[in-house]
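*Asks:* kindly return the folded structure for what I paste below:
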Amino acid sequence: MKAIEQFPAIYPDVHAQKLADFFAGRKRAPDAAKRLADELATLKTFYILCFTNRCGSNFLAQALASEGRIRQAGENLNFDAVQHQCDRLGLGSYDEYLAWLVRQLKGPEKVFGCKASAGQLIHLYNAGVLEKVKDKLRFVHISRRQPVDQGISMLIASRTRKWTSTDAGVQADDIRYDPKELIPIIEALNRQNAAFTVLFDMFGIKPTPVLYERLVADPARVVRRVGRHLGLPNLKFVPEKVVYERQADLVNLRIRADIAEDFALADEFAKDDGEDAN
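*Replies:* Numbering: from 1, shown residues only. Here you go, the predicted model:
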C-alpha cells in the first residue's frame, strides 16, 4: 500500500500533524500492531462517517445509535481526544489507541464507527487501517444540498461558539455577514467534499450518500437505509434518544435574506422575456 504523500499538502490536516509529533516522543508497545489486528478481526463492520462541519453529522450519528444496537460514532480521531486517552491510559502509539477505541465502541452487533474529515481519512489510509478492514469497510458521506446555508451555519457557530444544540455558546443576535468572510468558508467546505469524492474514486468504493435536508425531513427512513448498508437490517430511529436538535433560527433566515437581496440579479436578467434564444 502506497501512502498518499502529496494529498495532505493539498488538504492539510492539523490533527494528523499533531498526532505525528505527539507519538514521536512516546514508547510504542512491541505488540501494538497485533493488538489492533486482533480487535479489527472481531468486527462485522467498520464504518466511517465522512463529514464536514455543520452538515448534520452529529444528528446522524446519534440517530443511527438511537436504538442501541450500535454505539454512536464520534470525533474520536481528533488530536485532543487521542492525546487525552493516550495520556490517561498510557498508550504509546496510534495502533494502541485504535485497538482500545474499537474495543470500547464496537457494541453488541460488532459494528464500529467513527467520524472522519478528509484529512483524517487519509491518515487512516496511510496508517494501514483501511487495508486491514477492507472487506468490512463501509462509508457514509453526509453533505448538504445548499452550501450557502452550510456556510451561514458555520459562520454563526464560529461567532457563538455553539457547535451543537447542547452547547451553551454565547449570544450573538446581531451577526452580520461579510462576503469576504463567508465565501471562503463555503469554498473550504466544498473543497473538503470534493476531497472525499476524489478519495472514494481512488479507493474504488461507493459510499452511501446522505443529504442533510432528507435526514431532517425523514430521519427514520435515512436510518433504515444507512442501516442496511452497515449490515444492520431494520435499524430503527428512536427520537426520544436523540438530544441534538436543528439549530437554524431567525439569525440564519435573516442572513439568507440579506444574501438574496445583495446578490439578486437585476429584474431584466431574472425575468424570462419570452424571446427565442436562437
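
*Asks:* packing partners of the lengthiest helix in the chain?
*Replies:* If you go by DSSP state H, the chain has its longest helix at helix 179-203. Packing partners of helix 179-203 (3 or more CB pairs under 8 Å, 6 or more residues apart in numbering; DSSP states H and E): helix 118-126, strand 137-143, helix 147-160. Placement of C-beta: from N, CA and C, glycine included.

*Asks:* format those as a markdown table; extra columns: mean pLDDT.
*Replies:* Formatted as a markdown table, these follow (pLDDT from 0 to 100):
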| stretch | mean pLDDT |
| --- | --- |
| helix 118-126 | 92 |
| strand 137-143 | 97 |
| helix 147-160 | 86 |
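
*Asks:* measure stretch 129-141 end to end?
*Replies:* 19 Å (CA to CA, to the nearest Å).

*Asks:* what of stretch 205-219?
*Replies:* Span of stretch 205-219 from end to end, CA to CA: 25 Å.

*Asks:* show me which residues of it are buried.
*Replies:* Neighbour counts over stretch 205-219 (16 or more other CB atoms under 10 Å) mark 207-208, 210-212, 215, 219 as buried.

*Asks:* from those residues, which is closest to Val242?
*Replies:* Nearest to Val242 out of these is Pro219 (CB to CB; 8.0 Å).

*Asks:* isn't the closest one up against Phe237?
*Replies:* Yes - in this structure, Pro219 is within contact of Phe237 by CB atoms under 8 Å, at 5.0 Å.

*Asks:* okay, and the common contacts of those two?
*Replies:* Ala63 (CB atoms under 8 Å, 6 or more residues apart in numbering).

*Asks:* on that earlier part again, as TSV, the helices and strands packed on helix 179-203 with distance to Pro179 would be great.
*Replies:* Output for the helices and strands packed on helix 179-203, formatted as TSV (distance: least, CB to CB, whole Å):
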stretch	distance to Pro179
helix 118-126	25
strand 137-143	22
helix 147-160	11
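
*Asks:* can you add distance to Leu199 and mean neighbour count and give the ones you listed back as CSV?
*Replies:* Output for the helices and strands packed on helix 179-203, formatted as CSV (distance: least, CB to CB, whole Å; neighbours: other CB atoms under 10 Å):
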stretch, distance to Leu199, mean neighbour count
helix 118-126, 6, 21
strand 137-143, 9, 22
helix 147-160, 19, 20
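
*Asks:* ok, which of the ones you listed comes nearest Pro108?
*Replies:* Nearest of the helices and strands packed on helix 179-203 (CB to CB): strand 137-143, 17.8 Å.

*Asks:* what's in contact with the closest one?
*Replies:* Outside strand 137-143, the residues touching it (CB under 8 Å, 6+ apart) are 45-52, 55-57, 60, 130, 193, 196, 200, 205, 207-212, 215, 226, 229-231.

*Asks:* please repeat the previous calculation with a cut-off of 6 Å.
*Replies:* 45-51, 55-57, 60, 193, 196, 205, 207-210, 226, 229-230 (CB atoms under 6 Å, 6 or more residues apart in numbering).

*Asks:* of the residues you listed, which belong to helices?
*Replies:* Cross-referencing these against helices under DSSP H gives 57, 60, 193, 196, 226, 229.

*Asks:* low-scoring pLDDT stretches of the chain, where are they?
*Replies:* 1-3, 5-12, 161-173, 244-249, 266-278 (pLDDT under 70).

*Asks:* now the spatially most central residue of it. Its backbone dihedrals?
*Replies:* Compute the mean C-alpha point of the chain, and by CA atoms, centre = their mean the closest residue is Phe51, 2.3 Å away. For Phe51, the backbone dihedrals are phi -140, psi 160 (criterion: degrees, to the nearest 10).

*Asks:* what's near enough to touch the residue lying closest to Asn53 once chain neighbours are set aside?
*Replies:* Setting aside the residues directly before and after it, Asn53 is nearest to Met154 in space (CB to CB, 6 or more residues apart in numbering), at 5.6 Å. By CB under 6 Å, 6+ apart, the contact list for Met154 reads 53-54, 185.

*Asks:* in the stretch 1-150 of the chain, which spans are helices?
*Replies:* Here the stretch 1-150 of the chain has its helices, by DSSP state H, counting those that start in this stretch, at 7-10, 14-24, 32-41, 57-65, 79-89, 94-105, 118-126, 129-132, 147-160.
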